[in-house]
Every structure is written in C-alpha cells, then in structure tokens.
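Trainee: With the sequence up front, the predicted model follows.
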Amino acid sequence: MVKRIGLMVGCVLAGAVFAGELDLTASKDSFGRSNQRNRNNGGCDQLAIAHAPNIRTIIAFDLGGVTNEITGAELQFHQNNSMAEKISLVVAPMVSTSNNAAWGEGLGNLGTNGQNSRPGEASYAFSAFRDVPWESAPGVPVEGMGSPSLWMPPVALINGLQWEEGRWLRIPIKNAAVLEDFRKSNVPVVTFGVWGQAGNGYYFISSRNSKWPPVLHLTLGKGDQK
C-alpha cells in the first residue's frame with residue numbers, strides 16, 4: 001500500500017498532536033451484485049458503476065494506522081472510460097459488522113461478465129461453496145447488495161456528472177465524523193459503496209490493481225491522547 005503522508009510523519013515520530021493530511025490507497029476493492037460475500041469480482045484492474053438495482057462497486061480503506069482525529073475526507077478515483085450520458089452517483093459506507101468488514105477481494109477478473117471462482121477466491125459468478133451473506137447492523141442476512149439495510153446514510157450525492165476517460169474525480173465526504181467512528185471502532189475498516197442513480201451503461205473506474213488506485217484523502221486534527 002502506498003501512503004502519502006504530510007505533516008503526519010513528524011507528528012507520529014515525535015508523539016506530537018499537530019494537524020496534517022494523509023492519503024490512503026484502497027486496501028481492497030471489488031464489484032458485485034449478490035447478497036453473498038463469496039460472489040464478488042475483485043481481481044480486475046477496473047470496477048463497474050451502473051444504474052442498476054443490485055450492482056455495487058465497493059472500496060475499502062484500513063483506518064487502523066491513523067492515529068489522529070479525522071476532521072475531513074475526500075474520496076478520489078480515476079475514470080476509466082468516457083460515456084456520453086451523465087451519471088448521478090451515490091457514495092455510502094457499508095454497515096459495519098465483523099462479517100461485512102472481513103470480505104475478501106478474490107481473483108475474478110472478467111469485469112461485468114464474471115467467471116467461476118477457484119477455492120479461496122471470490123467472484124459473483126461462483127456458487128459452489130458455502131453461502132456467506134452480507135448482513136444488516138443486527139446481523140440479519142440481506143437480500144442483495146442493493147438492500148437499504150446494508151448501507152449507512154450516503155456521505156456524498158453527485159448529480160449530472162460528466163464521465164471522461166482519464167479524469168480524476170474527487171468527492172468530498174460530507175460527514176467526516178462517520179470515518180472517525182470507524183477509526184475508533186473494533187474493526188477500523190470502512191467500505192464505501194458507489195453506485196449510480198442515473199446514467200445508461202457501465203461507467204468504469206480504476207481499481208487498486210491498476211496504476212491509479214482509489215485514494216481516501218484525510219484531513220487530520222490532533223493525535224490520540226495516551
């Protein structure tokens with residue numbers, strides 16, 4: 001994982017509590033359309049976003065190494081194709097349970113076509129080993145990745161977005177306190193779901209397996225007091 005650290009470097013080494021900035025690259029990302037965690041397609045160098053009921057791109061960031069308070073955040077990703085029709089996007093954190101946070105990326109790499117998984121990897125086309133569902137906050141299995149109970153309230157809504165190949169999209173996270181809650185939790189991993197509410201076709205972004213991995217840019221306040 002590549003991290004760009006600004007003032008945080010000096011702060012951590014010196015045990016100080018000054019503010020700074022930190023870029024985290026995605027620790028895992030995937031694309032799926034099932035209620036089962038073992039049906040995600042994660043090994044491709046791009047991820048698909050579509051206006052479809054059950055399709056979700058998911059991007060996770062490990063906040064376990066962040067020692068300062070998160071006061072601001074911006075999700076950044078690279079647009080991989082051009083589309084004539086504009087898209088409207090939703091970004092929402094996945095409900096945090098130990099089951100949900102432990103999802104694996106897998107090696108499936110045929111994008112929207114999918115492929116049968118081998119044992120130990122994940123692809124939405126695989127159906128031969130045990131059913132491990134996504135779940136709601138109370139731990140109840142959900143019907144699909146589009147189930148409202150799988151997602152916390154959106155942290156970003158973007159309407160009428162132009163989609164141009166090679167462009168970096170930078171999405172401000174409107175409620176950084178949500179990330180601070182994840183950081184302080186027993187499972188400090190946040191998984192963002194990204195999906196379309198308007199648009200026609202598949203809008204591709206670069207995955208962490210490409211040379212343009214998604215980035216979570218954090219603005220940081222004071223460090224944790226020991």
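Mentor: Here it is on my side, so go on. Residues are numbered from 1 along each chain as shown.

Trainee: now the helices for this structure?
Mentor: 8-14, 98-101, 176-183 (DSSP state H).

Trainee: how about low-confidence regions in this protein?
Mentor: Using pLDDT under 70 as the threshold, the predicted model of the chain has low-confidence ranges 1-19, 34-42, 106-131, 225-226.

Trainee: Work out which residue lies at the spatial centre of it.
Mentor: Among the residues of the chain, the one closest to the centroid is I59, at 1.8 Å (C-alpha atoms, centre = their mean).

Trainee: where exactly do the strands run in this structure?
Mentor: Under the criterion DSSP state E, the chain carries strands at the ranges 3-5, 20-25, 28-32, 40-41, 46-50, 56-62, 68-78, 83-93, 156-163, 168-172, 189-198, 202-206, 215-223.

Trainee: Out of the ones you listed, flag the one nearest P148.
Mentor: With C-beta to C-beta as the measure, strand 83-93 is the member of these nearest P148 (9.7 Å). Bear in mind the C-beta positions are built from the backbone N, C-alpha and C, glycine included.

Trainee: which other helices and strands contact the closest one?
Mentor: Using 3 or more C-beta pairs under 8 Å, 6 or more residues apart in numbering; DSSP states H and E as the contact criterion, the neighbours of strand 83-93 among helices and strands are strand 156-163, strand 189-198.

Trainee: Out of these, which is the most enclosed?
Mentor: Burial of the helices and strands packed on strand 83-93 is given as mean neighbour count (mean count of other C-beta atoms under 10 Å); strand 189-198 ranks first at a mean of 21.

Trainee: That one - contacts with which helices or strands?
Mentor: So strand 189-198, by 3+ C-beta pairs under 8 Å, 6+ apart, packs with strand 46-50, strand 56-62, strand 83-93, helix 98-101, helix 176-183.

Trainee: now it and helix 176-183, what's the angle there?
Mentor: On the basis of axes from the mean of the first three to the mean of the last three C-alpha atoms, to 10 degrees, strand 189-198 is oriented at 140 degrees to helix 176-183.

Trainee: Direction included, what does strand 189-198 pair against?
Mentor: According to DSSP bridges, strand 189-198 has the following sheet partners: strand 56-62 (antiparallel), strand 83-93 (antiparallel).

Trainee: Need the strands of the chain in a markdown table (columns: distance to A102).
Mentor: As requested, those are exported to a markdown table (distance: least, C-beta to C-beta, whole Å):
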| stretch | distance to A102 |
| --- | --- |
| strand 3-5 | 22 |
| strand 20-25 | 19 |
| strand 28-32 | 10 |
| strand 40-41 | 12 |
| strand 46-50 | 20 |
| strand 56-62 | 10 |
| strand 68-78 | 22 |
| strand 83-93 | 16 |
| strand 156-163 | 25 |
| strand 168-172 | 26 |
| strand 189-198 | 9 |
| strand 202-206 | 24 |
| strand 215-223 | 19 |
